[in-house]
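Colleague: okay, predicted coordinates and the sequence, questions at the end:
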Amino acid sequence: MPMKSNILRYDWQPDEVLTLFHLPFADLLYRAQTVHRQHFDANDLQLATLLSIKTGRCSEDCAYCPQSIRHGSEVEEHALLPLDQVVAAARQAQQDGAGRFCMGAAWRSPRARDIQALLAMVEAVRALGMETCLTAGMLNAEQARQLRAAGLDYYNHNIDTSAEYYPEIISTRTFQDRLDTLQVVRDSGLKVCSGGIVGMGETEQDRAAMLQTLAGLQPHPESVPINRLVRVAGTPLEGADDVDGLALVRTIAVARILMPASRIRLSAGREDMEDELQALCFLAGANAVFYGDHLLTTANASVQRDRVLFTKLGLKTHHHLQSQDTTHIAKAV
Ligand code: SAM
Ligand code: DTB
Ligand code: SF4
């Protein structure tokens, strides 16, 4: 395969993506590192802190998720948080060094009155000088437009897995519903954050197909979270098999090669990863993480531990405001 370094492609074919997955490990990492360094400072790590602004009692049946009302997981349920609590959490995240604040709500989609409250949260967090991200389920065009106008930078909406495997994981909505919301988000001028999960019993072919779908979006999602399944008691996937760490590294490397100018986020699952595995993920092209002691309902690698790790690896974690976004540079070449 020729090295098409600076050209962003949207037409990766399944056999090409699988060929990448099957490269010798050193060749795959070299290739991922090479494109990574063409588009980013390879020692730079973007930090985003998550807050669950509405927790539990979700009508959807996503097999991985402890917040579904259909599963027996125990989560600390709460309705939409008041504005002051959200702003206080954002301020704390900023003091801890996060540049982006991601608000997550356990909804199939927001209702009209929820949107008003969300707009106020976005405005207040943006006013702190942080980048804002929201994940709140399916959106219509008007909702996306309003959120954009309030200063929302990113909307997260994961495709989670391949189109083929999706019905095994979620029955209450379709893969096409996900793609439709991603299109609405893109059309509104919001930046797109979309990725998926490894460790749900999917095949390598499913991982390849998931990445191919993401890389077929034009433009590519600016952020691509790769989560390793957090197996939560009470969910149908609580007993899922372990994911081979090197298979996770390969998934990240292929994501980096397919979407060279996107932030690839090593997302859920870091709490029980050794430093060495995380370092390999960064070498493979991951250049963003969730930072903070909690994800949404589960624990993240602690801030204290992360600070030690980032120092050991010499990672630079200064704030990334919009002006430092390099996507436009990549597109211009
Ligand atoms: N309800 C909205 C939705 O589904 O789009 C937003 C919140 S939902 C919790 C956001 C994402 O978190 C999911 O799409 C999934 O990728 C990820 N996620 C949820 N539970 C997870 C788990 N146990 N392990 C890894 N990722 C998980
Ligand atoms: C993403 O891809 N992962 C985050 C964020 N986007 C919203 C969520 C991870 C959730 C892990 C399980 C939990 O804490 O509930
Ligand atoms: Fe609800 Fe989102 Fe969890 Fe699915 S992933 S059950 S939509 S909170």
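Modeller: Now that the structure is in, tell me what you want to look at. Ligands and ions are numbered 1, 2, ... in the order given.

Colleague: residue 87: helix or strand, and which one exactly?
Modeller: For residue 87, the host element (DSSP states H and E) is helix 83-96.

Colleague: helix or strand right after that helix?
Modeller: Per DSSP H and E, the helix or strand that comes after helix 83-96 is strand 100-105.

Colleague: can you list the residues of the stretch 201-333 of the chain near ligand 1?
Modeller: Residues of the stretch 201-333 of the chain lying near ligand 1 by Cβ under 6 Å from any ligand atom: 227, 229-230, 232, 268, 296. Glycine gets a C-beta too; all of them are placed from N, C-alpha and C.

Colleague: residues touching residue 123, list them.
Modeller: Each residue near residue 123 by Cβ atoms under 8 Å, 6 or more residues apart in numbering is listed here: 150-151.

Colleague: how far away is it from ligand 2?
Modeller: 21 Å (Cβ to the nearest ligand atom, to the nearest Å).

Colleague: circling back to that earlier point, ok now the helix holding residue 87, how far from the chain's centre?
Modeller: Distance of helix 83-96 from the chain centroid (Cα atoms, centre = their mean, to the nearest Å) equals 20 Å.

Colleague: for stretch 200-213, which residues meet the burial criterion?
Modeller: 200, 202, 204, 206-213 (16 or more other Cβ atoms under 10 Å).

Colleague: those: which ones sit near ligand 2?
Modeller: Counting by Cβ under 6 Å from any ligand atom, no member of those is near ligand 2.

Colleague: just the ones in helices from those residues, please.
Modeller: Mapping these onto helices (DSSP state H) picks out 204, 206-213.

Colleague: could I get these as a markdown table with pLDDT and distance to residue 287?
Modeller: Below are these laid out as a markdown table (pLDDT from 0 to 100; distance: Cβ to Cβ, whole Å):
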| residue | pLDDT | distance to residue 287 |
| --- | --- | --- |
| 204 | 97 | 23 |
| 206 | 98 | 24 |
| 207 | 98 | 20 |
| 208 | 98 | 21 |
| 209 | 98 | 24 |
| 210 | 98 | 19 |
| 211 | 98 | 16 |
| 212 | 98 | 21 |
| 213 | 98 | 21 |
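
Colleague: pretty sure residue 99 sits against residue 44.
Modeller: No: counting by Cβ atoms under 8 Å, residue 99 sits too far from residue 44 to count as a contact (11.2 Å).

Colleague: thanks again, I'm all set now.
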